[in-house]
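1. here's my sequence, what's the structure:
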Amino acid sequence: MGCIIVLLLHTLSAAFTLFHTGSLIFENKGNVIAYFDFFNKISVNCGIYIHAYMHWIRLDVVEAFIEAIQISPVIRCCRTPVWKAMMVPGFICTLVLYLTCTWWILIFGIDVSSWNGFSVSAQMAAREMFWWDRNKDVNPWLPLRIVAILGQVIDSLCSHTSLNTYLPVQLYCAYYIVRDFFTTMLNGRMDSVEALALFREYVVLMKKVNAYLGLYVMQYMVMTMTYHSIHLFDMLNSTTIWWKISTYAYVAYVVNFYFLLSLIFIETKKMKKWLWKDRNYLKIPYHQLITIMYDLLNYNYQFGIRLGKFFTTTVEFCGGILAKTMGHSMLIKLAEQNLMSQIMSKS
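-> From the prediction side, this is the model:
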């Protein structure tokens, strides 16, 4: 019941956000920024629904993933220290919680310095959500103020703490499994029969990982691309110290996400080194060798993080997204500066 209430409150806040950004499109149909902002709001608010879909409807996929990372024979190859497995999630949770507080105060405009300021913020939130106008003299009813402020709190907490922490932690889990497995396979003293048996278990494990994390990865990519393609250089050029610190921390956090996907892909390339090591490619059956070589092709890569059934997040793909995002944001910023200079020259 509590989860349903959270989902409803989040939906109220998300509905207002989509209504507001959607109305800007009709007011400025020629403004490409409005379209990017609208699709960004959709992708941001889809996160909690993807989470609900996976954990309410596709619970079998979640259970298969949790079971696989505990009992798969591949886990025997794990060499990651316990302190590192505890430190990484702790650091990510702390960072995202800080970014969430910044988001809640600076983006939603919530004043937490005093009770009176917080009450005014709640009134503004209620006017936005239910009256669509901050300037009216009508004081919103107290229950509506509570619903509005809770909607914004849950919006920021669900979208920017739990969900934004959840995906990187799971990806780090996958990365340490992949790294330890291929390192053990390459440096360990196992024969080709044992190595191939473990490798088949690894492919099964990664299918379960991708079945669970695929939608999360896609949603996060769309969310970061649509936002940073427009606002990256606006964020980096901020003069507010608190906002600047949060901005650089968030940009580093986003880059780390793509870097982590690239690292997982790089680690899986050790399979080629194992095939060459001691001429292992001569020690395995021909039909299995053909299958492995086919699965190592980029368009059919079966060993990394995949988007759907036909695409793997390679180094080139992640680097291309970052490069195009930075380039598009730079063009938008230059276009805005050129427009402002033209307006100033005319005036």
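
2. where are the low-confidence patches of the stretch 101-250 of the chain?
-> For the stretch 101-250 of the chain, applying pLDDT under 70 flags the ranges 106-109, 111-113, 117, 127-141, 154-163.

3. and if we set it to 90?
-> Under the criterion pLDDT under 90, the flagged ranges of the stretch 101-250 of the chain are 101-170, 182-201, 203, 207, 214-216, 218-250.

4. against residue 182, how distant is residue 78?
-> When CB to CB, to the nearest Å is applied, the distance between residue 78 and residue 182 equals 12 Å. Every residue, glycine included, has its C-beta placed from N, CA and C.

5. make that residue 234, sorry
-> With distances taken as CB to CB, residue 234 is found 41 Å from residue 182.

6. looking at these two, which is more packed in?
-> Of the pair residue 234 and residue 182, residue 182 is the one with more neighbours under other CB atoms under 10 Å, namely 22 against 14.

7. give the closest residue to the more buried one in space, chain neighbours not counted.
-> When the adjacent residues along the chain are set aside, residue 182 lies closest to residue 270, with 4.0 Å between them (CB to CB, 6 or more residues apart in numbering).

8. and for residue 272?
-> Excluding the flanking residues, the one nearest residue 272 by CB to CB, 6+ apart is residue 296, at 6.7 Å.

9. any idea how far residue 19 is from the one you found?
-> 48 Å.

10. counting contacts, what elements does the strand or helix carrying residue 330 pack onto?
-> Secondary structure assignment for residue 330, by DSSP states H and E: helix 315-346. Applying 3 or more CB pairs under 8 Å, 6 or more residues apart in numbering; DSSP states H and E, we find helix 315-346 packed against helix 192-236, helix 241-268.

11. show me what counts as buried in that helix.
-> By neighbour count with 16 or more other CB atoms under 10 Å, helix 315-346 contains the buried residues 315, 317, 318, 321, 322, 325, 328, 329, 332, 333.

12. now for these: which two are most distant?
-> Across these, no pair lies farther apart than 315 and 333, at 27.1 Å, counting by CB to CB.

13. re the thing from before, would you mind finding the most buried of the helices and strands packed on helix 315-346?
-> For the helices and strands packed on helix 315-346, the largest average neighbour count (mean count of other CB atoms under 10 Å) is found in helix 192-236, namely a mean of 19.

14. got the angle for that one vs helix 241-268?
-> Inter-element angle recorded for helix 192-236 and helix 241-268: 160 degrees (by axes from the mean of the first three to the mean of the last three CA atoms, to 10 degrees).

15. what about the nearest residue to residue 244 once chain neighbours are set aside? Give its phi and psi, please.
-> In space, residue 244 comes closest to residue 238 once its chain neighbours are excluded; the distance is 4.9 Å by CB to CB, 6+ apart. With angles defined as degrees, to the nearest 10, residue 238 sits at phi -60, psi 140.

16. how deep is residue 238 tucked in, by neighbour count?
-> When neighbours are defined as other CB under 10 Å, residue 238 has 15 of them.

17. contacting residues around residue 264?
-> 171, 174, 175, 178, 304, 305, 313 (CB atoms under 8 Å, 6 or more residues apart in numbering).

18. turn the helices and strands packed on helix 315-346 into JSON lines, including distance to residue 66.
-> JSON lines is the format used below for these (distance: least, CB to CB, whole Å):
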{"stretch": "helix 192-236", "distance to residue 66": "9"}
{"stretch": "helix 241-268", "distance to residue 66": "19"}
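
19. closest to residue 93 out of the ones you listed?
-> With CB to CB as the criterion, residue 93 lies closest to helix 241-268 of these, at 12.0 Å.

20. okay, the angle between that closest one and helix 315-346?
-> With the same axes, to 10 degrees as the criterion, the two stretches helix 241-268 and helix 315-346 enclose an angle of 150 degrees.

21. just how off-centre is helix 241-268 within its chain?
-> Using CA atoms, centre = their mean, to the nearest Å, the mean C-alpha position of helix 241-268 is found 10 Å from that of the whole chain.

22. repeat that for stretch 304-318.
-> Averaging C-alpha coordinates over stretch 304-318 and over its chain gives two centres that are 15 Å apart (CA atoms, centre = their mean).

23. cool, and stretch 114-122?
-> Between the mean C-alpha point of stretch 114-122 and the mean C-alpha point of its chain there is a distance of 32 Å (CA atoms, centre = their mean).

24. format the CA atom coordinates belonging to that stretch as CSV.
-> Once non-C-alpha atoms are left out, stretch 114-122 reads as follows in CSV (Å, rounded to 0.1, in the frame of the first residue of the first chain):
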residue,chain,number,x,y,z
SER,A,114,13.2,28.3,8.3
TRP,A,115,9.8,26.9,9.0
ASN,A,116,8.1,30.0,7.4
GLY,A,117,10.2,29.7,4.3
PHE,A,118,9.3,26.0,4.1
SER,A,119,5.6,26.8,4.4
VAL,A,120,5.9,29.4,1.6
SER,A,121,7.6,26.8,-0.6
ALA,A,122,4.8,24.3,0.1
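
25. the contacts of residue 264 in helices, which ones?
-> 171, 174, 175, 178 (DSSP state H).
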